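Enquirer: Dropping the sequence and predicted coords here.
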Amino acid sequence: MIKLNNEKGTISISSSVVANLTGNAATNCFGVKGMAYRSMTDGLVHLLRKEAMSKGVRVIYNEDGTVSIRLHIIVEHGVNITAACRSIMSEVRYKVNKYTGVEVKNVDVCVDSIVL
């Protein structure tokens, strides 16, 4: 949980809020089919529904007050993966900072699958 202090009090932001913002920002980028989740039982990658997008996101709180984000995605066939990942990194940094005020130290994008 992130705590932001100001002269009027303290604001607490849970990691699920940051994860949902991240999932929403990532899935709105061109070429992204959706968020991915690797099942521990069968080892297969599953496409997550809109309600469960935060399962494909891991938020790590750093000691300097920033967050590091790792997300797993599924991209569409024929998309330039490098360009899509750069777009996602930029969009996630912008949206998380805009809506929470928390600085994002780094965003790691893992492409788990390509869908035809």
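Expert: Received it, and whenever you're ready, just let me know what you need.
Enquirer: All the strands of this protein, residue numbers only.
Expert: For the chain, applying DSSP state E gives strands covering 2-6, 9-13, 32-38, 45-47, 57-61, 67-76, 104-115.
Enquirer: can I get these in a markdown table with mean pLDDT?
Expert: Output for the strands of the chain, formatted as a markdown table (pLDDT from 0 to 100):
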| stretch | mean pLDDT |
| --- | --- |
| strand 2-6 | 81 |
| strand 9-13 | 89 |
| strand 32-38 | 86 |
| strand 45-47 | 79 |
| strand 57-61 | 92 |
| strand 67-76 | 93 |
| strand 104-115 | 93 |
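Enquirer: Let me have those in JSON lines, extended by distance to Asn97 and mean neighbour count.
Expert: (C-beta placed from N, C-alpha, C; glycine too.) Output for the strands of the chain, formatted as JSON lines (distance: least, C-beta to C-beta, whole Å; neighbours: other C-beta atoms under 10 Å):
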{"stretch": "strand 2-6", "distance to Asn97": "12", "mean neighbour count": "11"}
{"stretch": "strand 9-13", "distance to Asn97": "12", "mean neighbour count": "11"}
{"stretch": "strand 32-38", "distance to Asn97": "20", "mean neighbour count": "20"}
{"stretch": "strand 45-47", "distance to Asn97": "28", "mean neighbour count": "16"}
{"stretch": "strand 57-61", "distance to Asn97": "14", "mean neighbour count": "18"}
{"stretch": "strand 67-76", "distance to Asn97": "10", "mean neighbour count": "21"}
{"stretch": "strand 104-115", "distance to Asn97": "6", "mean neighbour count": "16"}
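Enquirer: and Ala83, which of the ones you listed is closest to it?
Expert: Each of the strands of the chain has some distance to Ala83 by C-beta to C-beta; the shortest is strand 67-76, at 10.5 Å.
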